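Asks: below: sequence and its predicted model.
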Amino acid sequence: MSTFSIKPITTADEQAAFIAVPAYVYRDNPHWVAPIESSIAKQFAAENSFFQYGKLQQFLAYQGDQPVGRVVAAVNDRLIEREGISIGLIGFFECIDNIEIGQALLNAAADWLQQQGMTHARGPIDLSTHNNCCFLVDGFDSDPMLMMPYNPQYYLDIMEANGWQKAKDAYAYDLPLDHPLPNSFERGYKIAQKAGITFRSIHTKGEAFDQDCRQIYELFTTAFAHNWSSSARTEEEFMFEARELQTLVDTDIFVIAEDPKKDSDNKMVGFFMALPDYNIALKQVKGKLNIFGILKFLWYRRKIDQARVLAICTLPEYSRRMVALAVVYLGMKGGTEKKRPYKRSELSWVYEDNMRSRNIIESTGATIYKTYRIYEKALT
């Protein structure tokens, strides 16, 4: 039996220790990419809009004076309202390879959730599925792409030994870009053009960027309104997240489809959202964007030769006009005709039962190369 203790976080020093846990857990892992520590800290700041509709408790595991694990238990009222059950969340889980400590952390989170009246728990979800979520199930032998999770394989053993069961899997697809897309994508683009659909890159500056993001928010909210375990975001929350990513956009791989015949205030009908895989540069930063970290990031970003496709979104009524195929065609074309073209892309993540999206992705020739999982557990 190992000697350890589990403590709820109550002080600034404990908060700093919480942020530092992953660096200790992954200190010998060659594939882990440290998240920016200041971004993680913001999620626990009083200004985070989550606290307008939710509450949380952070826990730390210690061996002696060394923090060796962490977890967050959270209640997201928006998710409870949507699903109609008292379901809490666990997230931000990290732990050394010690099943006793891992289970003690999960038990502490579950006990707190029960005290809040929760009857079920789901995770890992960092406050909402709009943030980091899922455990990696297979594909441990390569680095994660931008904003994708990574974890040791033994996390799965800790969860299952604690009584957690699979709720849903999600997939990441790999698409080498050394071959053109099937002809059906170009044909889809031509059909969309003949139907009057126009295409352009996202604007990246000033009010034009804000206007694009507001329309993306409306389209995203409409198209993904029924996504499993997804809680609603306000426009303000979405705009804050968009501005965080504004300087990372590559306009060659962020395509917007418009229907000029629609009302001028709501003419966006689809988009292809991809970002360069900045994890290639962030891996060198090691979670710290101080002056030295910024210089490293600027140097290594020149080596980025792959991208992640985050979303392919079109209004359902435009499916016959082939808007989805058209934006994929233009996005992939934009990424491979650059002066320094992307060599591969990841399309992620997509739930296992989202066959509409999976069919589009698989028709490109992409294949599943990583699987992710969200678990659930009854607390009564």
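Replies: Yes, it's here.
Asks: how many neighbours does Gly117 have?
Replies: Gly117 has 11 neighbours, counted by other CB atoms under 10 Å. Quick note: C-beta positions are derived from backbone N, CA and C, even for glycine.
Asks: look up how far Ser229 lies from it.
Replies: The gap separating Gly117 from Ser229 is 19 Å, by CB to CB, to the nearest Å.
Asks: go on, Ala104?
Replies: According to CB to CB, Ala104 and Ser229 sit 26 Å apart.
Asks: which residues sit in contact with Gly64?
Replies: Taking CB atoms under 8 Å, 6 or more residues apart in numbering as the definition of contact, the neighbours of Gly64 are Thr3.
Asks: could you break the protein into its assigned domains?
Replies: With domains defined by automatic domain parsing, the chain comprises 5-170, 179-342.
Asks: could you pull out the helices for the stretch 151-300 of the chain?
Replies: Taking DSSP state H, counting those that start in this stretch as the criterion, the stretch 151-300 of the chain contains helices spanning 154-161, 183-194, 206-223, 235-245, 279-285, 291-300.
Asks: of these, which is nearest Ile80?
Replies: When the helices of the stretch 151-300 of the chain are compared for distance to Ile80 using CB to CB, the nearest one is helix 235-245, at 17.7 Å.
Asks: can you mark which positions in the closest one are buried?
Replies: Buried residues in helix 235-245, counting neighbours by 16 or more other CB atoms under 10 Å, are found at 237-239, 242.
Asks: for the record, mean pLDDT for that helix?
Replies: Throughout helix 235-245, pLDDT has a mean value of 92.
Asks: got the CA coordinates for it in CSV?
Replies: Output of helix 235-245 as CSV, limited to C-alpha atoms (Å, rounded to 0.1, in the frame of the first residue of the first chain):
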residue,chain,number,x,y,z
GLU,A,235,-22.2,34.2,-28.3
GLU,A,236,-19.9,36.1,-25.9
GLU,A,237,-18.2,32.8,-24.8
PHE,A,238,-17.8,31.7,-28.4
MET,A,239,-16.3,35.1,-29.4
PHE,A,240,-13.8,35.0,-26.6
GLU,A,241,-12.6,31.6,-27.7
ALA,A,242,-12.5,32.8,-31.3
ARG,A,243,-10.3,35.8,-30.5
GLU,A,244,-7.9,33.5,-28.6
LEU,A,245,-7.3,31.6,-31.9
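Asks: could we number from 477 for the rest of this?
Replies: New numbering, starting at 477: the last item is helix 711-721.
Asks: quick one, what contacts His655?
Replies: Residues counted as contacts of His655 (CB under 8 Å, 6+ apart) are Gly841.
Asks: the helices of the stretch 627-776 of the chain: which one's closest to Arg554?
Replies: In terms of CB to CB, the element of the helices of the stretch 627-776 of the chain nearest to Arg554 is helix 711-721, at 10.7 Å.
Asks: strands of this protein, start to end?
Replies: 481-484, 530-539, 542-552, 563-571, 596-599, 611-614, 641-652, 674-677, 730-734, 744-752, 782-790, 820-827, 843-854 (DSSP state E).
Asks: which sections of the protein are below the confidence cut-off?
Replies: Regions of the chain meeting the criterion pLDDT under 70 cover residues 477-478, 738-742.
Asks: related to what we said a few turns ago, including distance to Ala550, could the helices of the stretch 627-776 of the chain go into CSV?
Replies: Listed next are the helices of the stretch 627-776 of the chain as CSV, based on distance: least, CB to CB, whole Å:
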stretch, distance to Ala550
helix 630-637, 17
helix 659-670, 41
helix 682-699, 22
helix 711-721, 16
helix 755-761, 25
helix 767-776, 29
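Asks: out of the ones you listed, deepest packed?
Replies: Across those, the average number of neighbours (mean count of other CB atoms under 10 Å) peaks for helix 755-761, which reaches a mean of 20.
Asks: figure out how far that helix is from the centre of its chain.
Replies: For helix 755-761, the gap between its own C-alpha mean and the chain's C-alpha mean amounts to 17 Å (CA atoms, centre = their mean, to the nearest Å).
Asks: mind listing what Asp541 touches?
Replies: Contacts for Asp541 (CB under 8 Å, 6+ apart) come out as none.
Asks: please repeat the previous calculation with a cut-off of 10 Å.
Replies: Under the criterion of CB atoms under 10 Å, 6 or more residues apart in numbering, the neighbours of Asp541 are Ala493.
Asks: so it versus Ala549, what's the distance?
Replies: Using CB to CB, one gets 24 Å for the distance from Asp541 to Ala549.
Asks: follow-up on the earlier one: and the domains of the chain: which comes nearest Tyr845?
Replies: From these, taking CB to CB, the stretch that ends up closest is domain 481-646, at 5.7 Å.
Asks: was I right about Glu712 contacting Ser525?
Replies: Yes. Assessed by CB atoms under 10 Å, Glu712 is found in contact with Ser525 at 7.2 Å.
Asks: and stretch 617-629, which residues are buried?
Replies: Within stretch 617-629, the residues that count as buried by 16+ other CB under 10 Å are 620-628.
Asks: from one end of stretch 503-510 to the other, what's the distance?
Replies: 10 Å (CA to CA, to the nearest Å).
Asks: go on, stretch 678-687?
Replies: Start-to-end span of stretch 678-687 (CA to CA) is 10 Å.
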